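Visitor: Sequence first, predicted model second:
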Amino acid sequence: QSDRVNDFVKRIQEDSNGVSLDELNIRLKALDSAFYAFNKVQTKIEEKVFDEISQPNRSKCEELYYCIATTLKVCISGLNNSDSNQTIHVSHAILSDEKYDTVKLPNIELREFSVDATTWIAWFDEFTSLVHNNERLHIFTKLHHLVSKLSPAAWARIAGIKIIVENYEIILQRLKDRFENKKIIGKQHIKKIFEHPKIIHANAADLRELIDTMNNHLIGLKNINRPVESWDDLMVKAPIDRLPILSEL
């Protein structure tokens with residue numbers, strides 16, 4: 001059913017003459033019914049077999065539903081603003097990539113966010129740049145990209161909020177309130193510096209990993225305005241304690 005509605009949306013993009021309000025509403029109702037039926041079946045499948053295979057099926061169907069429903073609602077809104085007994089010519093500019101990516105979602109490579117506070121700033125900057133500030137994306141799509149890139153642990157932080165378009169900003173703010181805490185971020189960076197595994201036998205790979213770890217966390221501390229330049233003795237001791245022999249001197 002959703003495929004037929006999708007084909008209809010593509011046709012009105014090419015030629016929207018003669019599109020009526022009744023037909024649009026019927027198509028939208030059919031789409032909603034198909035999506036409801038899919039959710040019932042998919043939920044039963046996931047209750048029996050919850051694995052990585054079933055999740056892409058739900059995500060793909062949700063993406064298609066949101067995009068098609070958005071396009072139909074744009075058309076209905078335009079028709080409601082005109083005379084109710086007239087047909088509407090749906091502007092191709094509304095449905096094309098000139099404004100929104102609707103029927104076809106853009107391919108956005110966004111990393112998953114866990115509850116690791118040290119990765120929040122970099123992840124949120126990436127999300128803001130690729131998704132939140134992207135005017136080509138409808139809010140349906142932004143919401144999908146947001147919630148689909150949360151790990152189960154991060155998802156638990158918003159479990160009490162209904163995942164609907166109207167709550168997009170609320171969900172975003174809840175995550176910011178929870179993870180954009182400079183005090184917690186700073187403590188986590190310092191903890192990871194001093195908890196880096198000790199090198200038992202010196203080798204180039206382990207030494208490089210140690211250096212990269214120290215540098216990454218120092219940069220993270222600088223990003224939250226911690227005065228790492230004045231922590232010379234502390235920052236020298238941390239890597240030395242991870243080295244063999246030298247830590248015993």
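Guide: Perfect, I can see it now.
Visitor: does residue 121 sit in a helix, a strand or a coil?
Guide: Secondary structure for residue 121, judged by DSSP: H, G, I helix; E, B strand; the rest coil, is helix.
Visitor: Let me see the domain layout of this protein.
Guide: Following automatic domain parsing, one gets these domains for the chain: 1-105, 106-180, 182-248.
Visitor: Quick check: which ranges of this protein have low pLDDT?
Guide: 1-19, 46-59, 74-108, 228-249 (pLDDT under 70).
Visitor: just so I have it, where are all the helices in it?
Guide: Counting by DSSP state H, the chain has helices at residues 2-14, 21-48, 54-80, 92-95, 120-127, 139-148, 152-155, 168-179, 182-194, 204-223, 232-240.
Visitor: Redo these as TSV? Include mean neighbour count and distance to residue 133.
Guide: For every residue, glycine as well, the C-beta is placed using N, CA and C. Shown next, in TSV, are those (neighbours: other Cβ atoms under 10 Å; distance: least, Cβ to Cβ, whole Å):
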stretch	mean neighbour count	distance to residue 133
helix 2-14	16	26
helix 21-48	14	29
helix 54-80	17	19
helix 92-95	15	21
helix 120-127	17	9
helix 139-148	19	10
helix 152-155	14	21
helix 168-179	16	12
helix 182-194	16	22
helix 204-223	15	19
helix 232-240	13	35
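Visitor: Reformat these as TSV; add distance to residue 162.
Guide: Output for the helices of the chain, formatted as TSV (distance: least, Cβ to Cβ, whole Å):
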stretch	distance to residue 162
helix 2-14	23
helix 21-48	14
helix 54-80	15
helix 92-95	28
helix 120-127	21
helix 139-148	11
helix 152-155	13
helix 168-179	9
helix 182-194	27
helix 204-223	33
helix 232-240	45
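Visitor: quick one: which of those helices is nearest residue 109?
Guide: Closest approach to residue 109 among the helices of the chain (Cβ to Cβ): helix 120-127, 9.4 Å.
Visitor: quick one, the closest one and helix 168-179 angle?
Guide: 160 degrees (axes from the mean of the first three to the mean of the last three Cα atoms, to 10 degrees).
Visitor: quick one on the thing from earlier: how about the helices of the chain, which one is nearest residue 161?
Guide: In terms of Cβ to Cβ, the element of the helices of the chain nearest to residue 161 is helix 168-179, at 5.6 Å.
Visitor: Would you mind getting the angle between that closest one and helix 182-194?
Guide: Computed by the same axes, to 10 degrees, the angle separating helix 168-179 from helix 182-194 equals 50 degrees.
Visitor: helices and strands around helix 168-179, which ones?
Guide: For helix 168-179, the packing partners by 3 or more Cβ pairs under 8 Å, 6 or more residues apart in numbering; DSSP states H and E come out as helix 120-127, helix 139-148.
Visitor: could you redo the last one with a cut-off of 7 Å?
Guide: Contacts defined by 3 or more Cβ pairs under 7 Å, 6 or more residues apart in numbering; DSSP states H and E place helix 168-179 against helix 139-148.
Visitor: Give the other helices and strands that the helix it packs on contacts.
Guide: helix 54-80, helix 168-179.
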